[in-house]
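Colleague: Need a 3D model of the sequence below.
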Amino acid sequence: DLDLALAEWVKSMQYRRSDFGGGRGLSLFVYGSVGGGKTVAVARAAIRGVLDNYARDLTWIREWDLITAAKSMYGDDEKKHSALLKKVKTADLLVIDELFTRPDAYTEHASVVLGDALAQRFEAKLPTLMTSNEPPIFGAVFDQRVMSRFEQVAKTVQVVGPDLRQAQV
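Modeller: Below is the predicted model of the structure:
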């Protein structure tokens, strides 16, 4: 159940600097049905984590913005994109919305840059909430070390249900 998993995640935030659960559960990957309420539920949990002072700051980003930043690291907006990627690595709490929406959009360079950023987060046991319509495919998009680190610190929750955005008749 998504609400239970998110409630447990918020509670685990208070212990995140210790070895609570070996760090597992500090990150949560929520995937499933389109319109199933994943983003809304994750937003509530992230805000709760900040309001309860378990996280000092919150960075919210969509996958496409991450891919764009990684691809543009050496362009005109290098400083802007470099700052964004630094936040991905160091934010007290990171939410990545709509992950793996466009796995075909990852260039080799983008995969390496973003894989390094995520691996650093997972190694540092920084809490990360991720939403997706697809199951986690870290190993397919990034190198195996990202998948390995993800498996050490994250739990996965599948949401199955109707599209809640459809107009009720």
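Colleague: what's the offset of stretch 60-72 from the middle of its chain?
Modeller: Stretch 60-72 sits 12 Å away from the centroid of its parent chain (C-alpha atoms, centre = their mean, to the nearest Å).
Colleague: Let me fix that, I meant to ask about stretch 107-116.
Modeller: Using C-alpha atoms, centre = their mean, the distance from the centre of stretch 107-116 to the centre of the chain it belongs to is 16 Å.
Colleague: For the most centrally placed residue in the chain, give its distance to residue 51.
Modeller: The centroid of the chain falls nearest to residue 130 when counting by C-alpha atoms, centre = their mean (3.0 Å). In this view, residue 130 and residue 51 are 21 Å apart by C-beta to C-beta, to the nearest Å. Yep, even glycine has a C-beta here, placed from its N, CA and C like the rest.
Colleague: from memory the residue nearest to the centre of the chain sits against residue 46, does it?
Modeller: No - the criterion here is C-beta atoms under 8 Å, and residue 130 misses it with residue 46 at 11.2 Å.
Colleague: Find residues that contact each of these two.
Modeller: residue 95 (C-beta atoms under 8 Å, 6 or more residues apart in numbering).
Colleague: pLDDT below threshold where in the protein?
Modeller: 15-25, 74-81, 167-169 (pLDDT under 70).
Colleague: ranges for the helices of it?
Modeller: 2-13, 38-51, 63-71, 78-90, 108-123, 138-141, 144-153 (DSSP state H).
Colleague: Which of those sits closest to residue 26?
Modeller: Closest to residue 26 of these is helix 144-153 (C-beta to C-beta; 5.1 Å).
Colleague: Show me what the closest one is packed against.
Modeller: strand 27-32, helix 108-123, helix 138-141 (3 or more C-beta pairs under 8 Å, 6 or more residues apart in numbering; DSSP states H and E).
Colleague: Count the residues that sit near residue 31.
Modeller: Burial of residue 31 is recorded as 20 neighbouring residues (other C-beta atoms under 10 Å).
Colleague: Excluding covalently adjacent residues, which one is nearest to it?
Modeller: Excluding the flanking residues, the one nearest residue 31 by C-beta to C-beta, 6 or more residues apart in numbering is residue 132, at 4.3 Å.
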